[in-house]
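Q: return atomic coordinates for the entry below.
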Amino acid sequence: MIVDILRLMSVLILKNIKTEGPGTIEDFLREANIHYEIVELETETVPEADNFNTLVMLGGPMSVNEAEIYPYIKQEEKLAKDFIDNGKKVLGICLGAQIMAKALGAEVYKGQKSEIGWYDIELTEDGIKDNMMRKLALHPKAGDFWKKFKVFHWHGETFDIPEGAVRLAKSERYPNQAFKYADNAYALQFHIEVSKETVYEWLKNEEHPPVSPLDKGGIKGGAIRAETEELYEVYNGRAVNFYKAFLRP
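A: Take a look at the predicted model:
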């Protein structure tokens, strides 16, 4: 009986690179007493998927189209499809979202310009109607609904919306920022999981995670740090609202 309960509440978290961890997702799972397991795909083997009801795939500097260099990407694609087909929950973040798109038959490719730092996303009409996205769009203090709000980005590739999926959000540079598939799978191009410390660590080296092409003039780290100090508390509150709706059994 105890094992069965744990399976109903178990989250499998896949890391594509050591420096991109689950951040505030792990904080939430720990505080909510939800069982989870983190796998370092560079060095570890994925455990038996039947023991988990939720799959979370994180970001990374590699491309989903580099599976010959990073063979575990193909394993993630298969896992994502299996979880979705079996009615289990899937959350893909940045590279994880791109893996979901490819697993569902869509193309993933370089964007015309990188998106690094705090940029607005805007919910589509379907996004406004979606319960999970509405949780993200609610201001955690004021409680009002925002159709457009800032999120943290670090990417240079994008994806088409898979057939049968619903586009939920867009930005000025990237028309496809989020989608859902079959009501149990969500792909977010932006980094909902980052902590302040994560943002500052990435900014220490402009080439990590490497994004191509970088904006002309490089990453304006000082401006991003200032925006992080200004925006992070509310952003984290939005993320927690999403976690409460999506990650709880």
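
Q: contacts, neighbours, all on C-alpha from now
A: Will do.

Q: what about Val199, distance to Lys148?
A: 22 Å (C-alpha to C-alpha, to the nearest Å).

Q: okay, those two: which has more neighbours?
A: The residue with more neighbours, out of Val199 and Lys148, is Val199; 19 against 16, by other C-alpha atoms under 10 Å.

Q: give the next helix or strand downstream of the helix or strand encompassing the more buried one.
A: Element membership of Val199, judged by DSSP states H and E, is helix 196-204. Per DSSP H and E, the first helix or strand lying C-terminal to helix 196-204 is helix 221-246.

Q: counting contacts, what elements does that next one pack onto?
A: If you count contacts as 3 or more C-alpha pairs under 8 Å, 6 or more residues apart in numbering; DSSP states H and E, helix 221-246 packs onto helix 24-31, strand 108-123, helix 131-137, helix 196-204.

Q: can you say which of those is packed in most?
A: Highest mean neighbour count among the helices and strands packed on helix 221-246 (mean count of other C-alpha atoms under 10 Å): helix 131-137, with a mean of 22.

Q: what packs against that helix?
A: Partner elements for helix 131-137 (3+ C-alpha pairs under 8 Å, 6+ apart): helix 125-129, helix 221-246.

Q: following the lowest-mean-pLDDT helix or strand in the chain, which helix or strand comes up?
A: Ranked by mean pLDDT, DSSP states H and E, the weakest helix or strand in the chain is helix 2-8, scoring a mean of 47. Downstream of helix 2-8, the next assigned helix or strand under DSSP H and E is strand 11-15.

Q: and that following strand, which residues are buried?
A: Val11, Leu12, Ile13, Leu14, Lys15 (16 or more other C-alpha atoms under 10 Å).

Q: bridging residues for the last one?
A: Residues in a beta bridge with Lys15, per DSSP bridges, are Glu40.

Q: can you name the residues that contact it?
A: Gly21, Pro22, Ile38, Val39, Glu40, Leu41, Met57, Leu58, Gly59, Gly60 (C-alpha atoms under 8 Å, 6 or more residues apart in numbering).

Q: please apply the same query to the fourth one.
A: Under the criterion of C-alpha under 8 Å, 6+ apart, the neighbours of Leu14 are Ile38, Val39, Glu40, Leu41, Leu55, Val56, Met57, Leu58.

Q: what does the third one give?
A: Going by C-alpha under 8 Å, 6+ apart, Ile13 touches Pro22, Tyr36, Glu37, Ile38, Val39, Leu55, Val56, Met57, Leu58.

Q: among those, who's most crowded?
A: Going by other C-alpha under 10 Å, Met57 tops the contacts of Ile13 with 28 neighbours.

Q: ranking the helices and strands packed on helix 221-246 by mean pLDDT, which is last?
A: Sorting the helices and strands packed on helix 221-246 by mean pLDDT places helix 196-204 lowest, at a mean of 91.

Q: chain center to stretch 238-249, what's the gap?
A: Here the centre of stretch 238-249 is set off from its chain's centre by 13 Å, with C-alpha atoms, centre = their mean, to the nearest Å.

Q: buried ones in that stretch?
A: For stretch 238-249, by 16+ other C-alpha under 10 Å, it's Arg238, Ala239, Val240, Asn241, Phe242, Tyr243, Phe246, Leu247, Arg248.

Q: can you pull up the most central residue in this structure?
A: Ile93 (1.6 Å; C-alpha atoms, centre = their mean).
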